[in-house]
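**Q** Just to be clear, the model below is a prediction. Sequence and coordinates:
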Amino acid sequence: MTTFVNIWSRYPLWLRIIAALILGIVAGIVIPSIAIHFKILGDLFIRLIRMLILPLIFITIISGIVSIKSDGGVLGKILGGSVALYLTTSFFAISVGLLVATIVPMPNSLSIPSNMDSEALRVPPSPSEVFLNLFPSNIAESMSSGNIIQVIVFAIFLGMAIKLSGSHGTRISKLFTDGNVIIMRLTGWIIELAPFGVFGLISYTVATQGAAELLGLAGLIGVAFLAYAVHTLVVIGLLVHFAGGVPVYNFFAGIREAIVVSFSTASSSGTIPVSMRNVRDNLNVPNHVSGIVMPLGATVNMDGTSVFMGVCTVFLAGVYGVDLSMSDYVLIVVTGVLASIGTAGVPGAGVIMLGTVLTAVGLPVEGVLLIIGVERILDMGRTSVNVIGDCAVSRIISYKFRTFASEVDIDAADGSEDMPVNPVQVERDRRALQRGNA
Ligand code: ASP
């Protein structure tokens, strides 16, 4: 046992997670009847992550806000900048999805059943409902039901109130900045279990995924993953290079754990602890930025889901023999961006919101049922793209934001001396900022 622990801990976490992913795929193919029982490992990991998410978000957002030295302005810049970037990347994402799906042919072996059970579909919420649902009416209920966006909104309000309360807020500010160090330690312990969770989730998914459905919709899967790749490498790649001040390779290498965990869990909310830690340790994003930008991004910034909506709408229009006009494309972009904002960062949420886009262009909502068989694999890919987008925005905001570093109490925000950041990246940032400030 000790030997195993010694060998195990000799390898970096990202390598262990990727090894677990590969082993999980092999187990799912070779021993499917046994692999389905490994699901318990994945379920346990997800439970522990869920246990962590709300306190983590609550504490990091408040400790982030109270650590900002100036009043309001810096928080406004972080929030405003993030939302502008979320909207921009989502716009590009759905456009990429539409473009790739229109250019690349998607053969399919689908026949449209006449008696599809549309009862199985939930009605997607209206835009006004989405807006109202941002605000909690009962914070205890929001917390117990795991409504992340409402907890974020409450934490921002409370953090601002503490910040603006002068000396009355001092002790509670300290409580939250200390709490931040403690919750980060707990996060570190749970993330160590990621390889086991990834192994369990992947082996189960591979063992239970129907090969016939995968083959029948191979065209759709191929085009969706091609569009995910184009958005990730071109749009996100260019953004992080030019606006984030980080070489593209370093960016992706820095968040590889988050990419694999999001792929296996199909949940961007469930990946928050890992992605927050990755951007902090490897991309030099301080906690006071990642604490706000990452949870917000995991609930409203869905680049992968936008790509998915673009691809699936074109695909289903083809299946139903509907020709999309230029105004349909504009409608798809607008509704797709709004629908992606309303998509929760949990498995399967995007496929329900796809119904909104289909309705907007007059396609049958039941079309969703045609792709449901391959939904999980599409979801895994799009969730990784969602998380990559969140990490990119947090890096960009942090890079721009650090030009205003005098306004931020970095020590209080980062909370502890035992939180390493990548020294090479720090040095690169320092030089870039010196050049920028010169
Ligand atoms: N599973 C995605 C996520 O967690 C949301 C979606 O279904 O599109 O980011």
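**A** Right, received. Where do you want to start? The structure presented is a predicted model; accordingly, all values stated were derived computationally and were not measured.

**Q** all contacts plus neighbour counts: C-alpha atoms, from now on.
**A** Fine.

**Q** now the residue nearest the centre of the chain: how far from residue 380?
**A** The residue lying closest to the centre of the chain (C-alpha atoms, centre = their mean) is residue 387, at 3.0 Å. Per C-alpha to C-alpha, to the nearest Å, residue 387 is found 11 Å from residue 380.

**Q** Find the residues that touch each one of these two.
**A** residue 262 (C-alpha atoms under 8 Å, 6 or more residues apart in numbering).

**Q** about what we covered before: just list the residues touching the residue nearest to the centre of the chain, thanks.
**A** Neighbours of residue 387 in contact, by C-alpha under 8 Å, 6+ apart: 258, 259, 262, 268, 271, 275, 298, 302.

**Q** Out of those, which one has the weakest pLDDT?
**A** Across the set of the contacts of residue 387, residue 298 stands lowest in pLDDT, at 88.

**Q** In this structure that one contacts residue 273, no?
**A** No. Residue 298 lies out of contact with residue 273 (C-alpha atoms under 8 Å); the separation is 10.8 Å.

**Q** which parts of the helix or strand hosting residue 140 are buried?
**A** For residue 140, the element it lies in under DSSP states H and E is helix 139-144. Within helix 139-144, the residues that count as buried by 16 or more other C-alpha atoms under 10 Å are 139, 142, 143.

**Q** ok now it, how far from the chain's centre?
**A** The chain centroid and the centroid of helix 139-144 are separated by 22 Å under C-alpha atoms, centre = their mean, to the nearest Å.

**Q** Can you show me the CA trace of it as PDB?
**A** The C-alpha coordinates for helix 139-144 follow below in PDB (Å, rounded to 0.1, in the frame of the first residue of the first chain):
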ATOM      1  CA  ILE A 139     -31.000  32.400   0.200                       C
ATOM      2  CA  ALA A 140     -31.300  29.300   2.400                       C
ATOM      3  CA  GLU A 141     -33.500  27.700  -0.200                       C
ATOM      4  CA  SER A 142     -31.000  28.800  -3.000                       C
ATOM      5  CA  MET A 143     -28.200  27.100  -1.100                       C
ATOM      6  CA  SER A 144     -30.100  24.000  -0.200                       C
END
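
**Q** is any part of the helix or strand that comes right after it close to the ligand?
**A** Sequence-wise, the next helix or strand downstream of helix 139-144 (DSSP H and E) is helix 148-163. No. Using C-alpha under 6 Å from any ligand atom, helix 148-163 stays clear of the ligand, coming no nearer than 12.2 Å.

**Q** counting contacts, what elements does whichever helix or strand comes after helix 148-163 pack onto?
**A** Downstream of helix 148-163, the next assigned helix or strand under DSSP H and E is helix 170-191. Packing partners of helix 170-191 (3 or more C-alpha pairs under 8 Å, 6 or more residues apart in numbering; DSSP states H and E): helix 39-66, helix 148-163, helix 268-282.

**Q** Could the C-alpha coordinates of stretch 163-173 be exported in CSV?
**A** Output in CSV follows, covering the C-alpha atoms of stretch 163-173 (Å, rounded to 0.1, in the frame of the first residue of the first chain):
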residue,chain,number,x,y,z
LYS,A,163,-16.7,46.2,2.1
LEU,A,164,-18.7,49.4,2.5
SER,A,165,-19.3,49.0,6.2
GLY,A,166,-15.9,50.4,7.2
SER,A,167,-14.6,49.3,10.6
HIS,A,168,-17.7,47.2,11.2
GLY,A,169,-16.7,45.0,8.3
THR,A,170,-13.1,44.4,9.4
ARG,A,171,-13.6,41.3,11.5
ILE,A,172,-15.9,39.5,9.1
SER,A,173,-13.6,40.4,6.2
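
**Q** No more questions from me, cheers.
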